[in-house]
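A.B. asks: generate coordinates for the sequence data below:
(2 chains)
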Amino acid sequence: MSNKVKITASKLPFTGRLVMFFVRHIQQAMASIGELWRNPVSSVMTMAVLGVSLSLPAALQVLVKNAENITQSWNNAAEISLFINEGRSEQSIQSLISRINVYSEVDVVHYINRDQALEEFQRLSGFGEALSYLDSNPLPAVVVVTPLARHSSPEGARKLLDKLEREPEVSFGRLDIEWLERLQAMVRLIERTVLAIAALLVLAVVLVIGNTIRLAIMNRRTEIEVMKLVGATEAFIQRPFLYTGIWYGVIGGVLAWIIINLLVWYLDSALAELLGLYGSQLQIQALSMAELVKLVLLASFLGWLGSYLSVRQHLRAIEPS
Amino acid sequence: MIHFEQVSKIYPGGQKALSEVNFRLQQGEMAFLTGHSGAGKSTLLKLITVIERASAGKVSINGHDIAKLGKKHVPYLRRNIGMIFQNHHLLMDKSVFDNVALPLVIEGFSHGEIRKRVAGALDMVGLYGKERHLPVMLSGGEQQRVGIARAIVNKPPLLLADEPTGNLDPKLSMDILRLFETFHDSGTSVLIATHDLGLIARMKYRTLTLRQGKMLGGDEIYSADTQGQI
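C.D. replies: Next comes the predicted model:
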C-alpha cells in the first residue's frame, strides 16, 4: 500500500484503464436502460411525448416526398405556343417551321394557320356568332412546339422559349408551364413551412428530454453528492444521464417511425381510391429504411443534446456540503 | 501529510469559522480533533477534502498546495481520502455491496477485483456476509461500519472521520475507535473529529483542540497531556 497522496494519476495501468473505459461505457449504457425499465410509467410517458413530437416532422417529410413525387410526373407537360407576326407569308412560316424542326431541343412542331385558329376558337370559345361580325380574321397563326423530355423542365423550356422568340417571324411565345412554376413555388413554400415546424418540434424534443433528465438528476441528488465525495469525476457522474437521453431519443425515434407507418397504412386505401378516380397509379410512400436510420440517429443526437444541456446546468450545481 | 498554515475560513455572510489555524498531521499519525459544536471541526475537515476552500492561508496535502488544485483534479485527491460521516451518507436504495463498491467502481476496477476487495473491507468491519442487505435492514452501528468499509475499501493513505461515534452508545463507539486503530497500525494517517472527550481520554493519541475557530496550542501539543484544556 502506498502512503503517498497522489493527486492526478489513477492507480491502474493505462491498458487496464482503457479496457475498463469501454467496459464501463457499455455497463453504464445498459444500466441506463435498466433504470428506464424500473420506472416504466414516467419513462413511457416521456417516450410517448417524444414519439409524437418526432412523428410530426417525419409525417411532413412523408408529405413533401409524396408531393414531389406527384409533381415530378407533371413536369413533362410543357408546350410552347409561338404567335406569328401579322402579315407574314405562308412561305416564310413554312421556312420557320423547318428551321425549328432542326433545333436539337425540339421533339414535335405543330402548325395551326389563321383559318384553323379561327375555326378552333369558334368551336371552343362560344363567341362564334360575334366573330362573324368582324371584317377580317383577328387571330394570328400559331406554331406549337413540344420540346424533348430532357428540355421540358421549367428552366429548359424557358430557355428554349427565349431562343424561339428571337426568330424574326415570331411575335411572342407563351409557355403553358406557368401553373407548374406556381405549383413548384407552392411546394417550396410548404417545404419551408415544414422545415420551420420541424425545427420547432426538434426544439421541443430537446426541451422535453432536458427537463426529464433534470428531474432524474434532482431525484438522485444525494447519490450524486456521495459520488462526488468519494472521488467521482463529472464525466463519470454524467455518463448515465447522457445514455438515458440517448435511449429516450432512440426509442422516441422508433416510436415515431411506427406512428408514421400506421398513419400511411390508414391513409393508403382512402388515397388509392381518390387517385383511382383520377386514373393515377401513384402509391403513397412511407419512410424507407435509410430514413428510419436517419430518424433514429437524429433523435438519439437530440436526446444526447437535451441531456447534455441539462447535465451541464444541474449536475455542476450539486456539490457536497 | 496535512499542513495548515495561517488558515482562515469566512463563509459568505461573514460567519468566521476558522481563524489563523496552524497544525500538521504527520504521515501515518493518528490524531483527534475536538471542540464544541460550531468550533470549526467540520469546516477544517471540509478544507482538507476541498468541499470548501480556505479564505486565507495555505492548506497543503502531501506537499501539494490545495489552492492550486483545479476543479478537475479534486476527484483524484478525494480518492486518496477515506471519509466517514456522522450520518454515514449511505445510498439507502442500494445494497451494502453496492455502497462499499462505489469508490472502486469509480476508479474502474474489474468486477473480480471489486468483489475481492469489498469482501475484505466488510470482513474488516465485521459485516462479512451482509453484502445483499439494504442499509435500512442494519442497526445504526452496522450502518456506520458500512460507511467505514466504503472509506477504506480502496486503501486510501488518509482517513478523515467527522463525529463517527455521534449516534452510538459507548461500547459501540469504542469498537469503532478500535477499528480506526487497526487502520492506523497498518500505516494509514487518521484524523477523527469528535466532541466525545470521555472517549479520547482513554486513548494515547494527540488531540487538537479548536475553540471558536482558533487552534489551541497547535503544533506543540502532543500526546494526551492537554486533553483537559476545553
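
A.B. asks: show me where the stretch 1-150 of chain A has its helices.
C.D. replies: Secondary structure of the stretch 1-150 of chain A by DSSP state H, counting those that start in this stretch: the helices cover A:14-38, A:40-74, A:90-101, A:114-125, A:128-131.

A.B. asks: scratch that, chain B is what I was asking about
C.D. replies: B:41-48, B:74-78, B:96-107, B:111-124, B:140-152, B:170-185, B:197-201 (DSSP state H).

A.B. asks: kindly reformat those helices as a markdown table containing distance to residue B:68 and mean neighbour count.
C.D. replies: Every residue, glycine included, has its C-beta placed from N, CA and C. Conversion of the helices of chain B to a markdown table gives the following (distance: least, Cβ to Cβ, whole Å; neighbours: other Cβ atoms under 10 Å in any protein chain shown):
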| stretch | distance to residue B:68 | mean neighbour count |
| --- | --- | --- |
| helix B:41-48 | 14 | 23 |
| helix B:74-78 | 12 | 21 |
| helix B:96-107 | 23 | 22 |
| helix B:111-124 | 32 | 17 |
| helix B:140-152 | 26 | 23 |
| helix B:170-185 | 29 | 16 |
| helix B:197-201 | 34 | 14 |
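
A.B. asks: so which of those is nearest residue A:199?
C.D. replies: Among those, the nearest to residue A:199 by Cβ to Cβ is helix B:74-78 (38.4 Å).

A.B. asks: so that closest one, near chain A or not?
C.D. replies: Yes. Counting by Cβ under 8 Å from any Cβ of the partner chain, contacts between helix B:74-78 and chain A involve B:75-78.

A.B. asks: which of the helices of the stretch 1-150 of chain A is buried the deepest?
C.D. replies: helix A:40-74 (a mean of 17; mean count of other Cβ atoms under 10 Å in any protein chain shown).

A.B. asks: tilt between that one and helix A:14-38?
C.D. replies: 90 degrees (axes from the mean of the first three to the mean of the last three Cα atoms, to 10 degrees).

A.B. asks: just how off-centre is helix A:40-74 within its chain?
C.D. replies: Remark: helix A:40-74 is offset 10 Å from the chain centroid, using Cα atoms, centre = their mean, to the nearest Å.

A.B. asks: and stretch A:251-271, by the same measure?
C.D. replies: 16 Å.

A.B. asks: need the CA coordinates for that stretch. CSV is fine.
C.D. replies: Extracted as CSV, the C-alpha positions of stretch A:251-271 are listed here (Å, rounded to 0.1, in the frame of the first residue of the first chain):
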residue,chain,number,x,y,z
ILE,A,251,-37.0,4.8,-28.6
GLY,A,252,-38.8,8.0,-29.4
GLY,A,253,-37.5,7.8,-33.0
VAL,A,254,-38.6,4.2,-33.4
LEU,A,255,-41.9,5.1,-32.0
ALA,A,256,-42.3,8.0,-34.5
TRP,A,257,-41.5,5.6,-37.3
ILE,A,258,-44.2,3.2,-36.1
ILE,A,259,-46.7,6.1,-35.9
ILE,A,260,-45.9,7.2,-39.4
ASN,A,261,-46.3,3.7,-40.8
LEU,A,262,-49.6,3.3,-39.1
LEU,A,263,-50.7,6.7,-40.5
VAL,A,264,-49.6,5.8,-44.1
TRP,A,265,-51.4,2.5,-43.8
TYR,A,266,-54.5,4.2,-42.6
LEU,A,267,-54.5,6.8,-45.4
ASP,A,268,-53.3,4.5,-48.1
SER,A,269,-56.7,2.9,-49.1
ALA,A,270,-58.5,6.2,-49.0
LEU,A,271,-55.9,7.8,-51.2
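
A.B. asks: rewinding a little: between the helices of the stretch 1-150 of chain A, which gets nearest to chain B?
C.D. replies: Taking Cβ to the nearest Cβ as the criterion, helix A:14-38 is the member of the helices of the stretch 1-150 of chain A that comes nearest to chain B, at 4.0 Å.

A.B. asks: wondering if the closest one reaches chain B at all.
C.D. replies: Yes. Helix A:14-38 reaches chain B (Cβ under 8 Å from any Cβ) through A:16-17, A:20-21, A:24.

A.B. asks: how about the residues of chain B near chain A?
C.D. replies: So chain B meets chain A at B:1, B:27-28, B:49, B:51, B:61-62, B:64, B:69, B:72-73, B:75-81, B:83, B:89-91, B:102-103, B:106-110, B:150, B:154-155, B:157-158, B:186-189 (Cβ under 8 Å from any Cβ).

A.B. asks: please produce a PyMOL select command covering the buried subset of these.
C.D. replies: In PyMOL, this line selects whichever of the residues of chain B next to chain A come out buried by 16 or more other Cβ atoms under 10 Å in any protein chain shown:
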select buried, chain B and resi 1+49+51+61+62+64+69+73+75+76+77+78+79+80+81+83+89+90+91+102+103+106+107+108+109+150+154+155+157+158+188+189
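
A.B. asks: Three-state assignment for residue A:231, please.
C.D. replies: Here residue A:231 is recorded as coil under DSSP: H, G, I helix; E, B strand; the rest coil.

A.B. asks: quick check, central residue of chain B?
C.D. replies: In chain B, the residue lying closest to the centroid (Cα atoms, centre = their mean) is residue B:160, at 1.4 Å.

A.B. asks: right, and it touches residue B:84 too?
C.D. replies: Yes. Counting by Cβ atoms under 8 Å, residue B:160 touches residue B:84, with 7.1 Å between them.

A.B. asks: and the helices of chain B, which one's lowest on average pLDDT?
C.D. replies: The minimum mean pLDDT among those belongs to helix B:197-201 (a mean of 81).

A.B. asks: packing partners of that helix?
C.D. replies: strand B:30-34, helix B:170-185 (3 or more Cβ pairs under 8 Å, 6 or more residues apart in numbering or on different chains; DSSP states H and E).

A.B. asks: next, the angle from the longest one to helix B:111-124.
C.D. replies: Between the axes of helix B:170-185 and helix B:111-124, defined by the same axes, to 10 degrees, the angle is 130 degrees.

A.B. asks: off-centre distance for helix B:170-185?
C.D. replies: 13 Å.

A.B. asks: still on that earlier bit, give me the distance between the residue nearest to the centre of chain B and residue B:151.
C.D. replies: 8 Å (Cβ to Cβ, to the nearest Å).

A.B. asks: now do the shared contacts for these two.
C.D. replies: B:82-84 (Cβ atoms under 8 Å, 6 or more residues apart in numbering or on different chains).

A.B. asks: in strands, which of the residues you listed appear?
C.D. replies: B:82-84 (DSSP state E).

A.B. asks: which one of these is nearest to chain A?
C.D. replies: residue B:83 (6.0 Å).

A.B. asks: for the closest one, which non-adjacent residue is spatially closest?
C.D. replies: Nearest residue to residue B:83, sequence neighbours excluded (Cβ to Cβ, 6 or more residues apart in numbering or on different chains): residue B:160, at 5.3 Å.

A.B. asks: residue most distant from the centroid, chain B?
C.D. replies: residue B:112 (27.7 Å).

A.B. asks: can you tell me which helix in chain A is longest?
C.D. replies: From DSSP H, the single longest helix across chain A is helix A:234-277.
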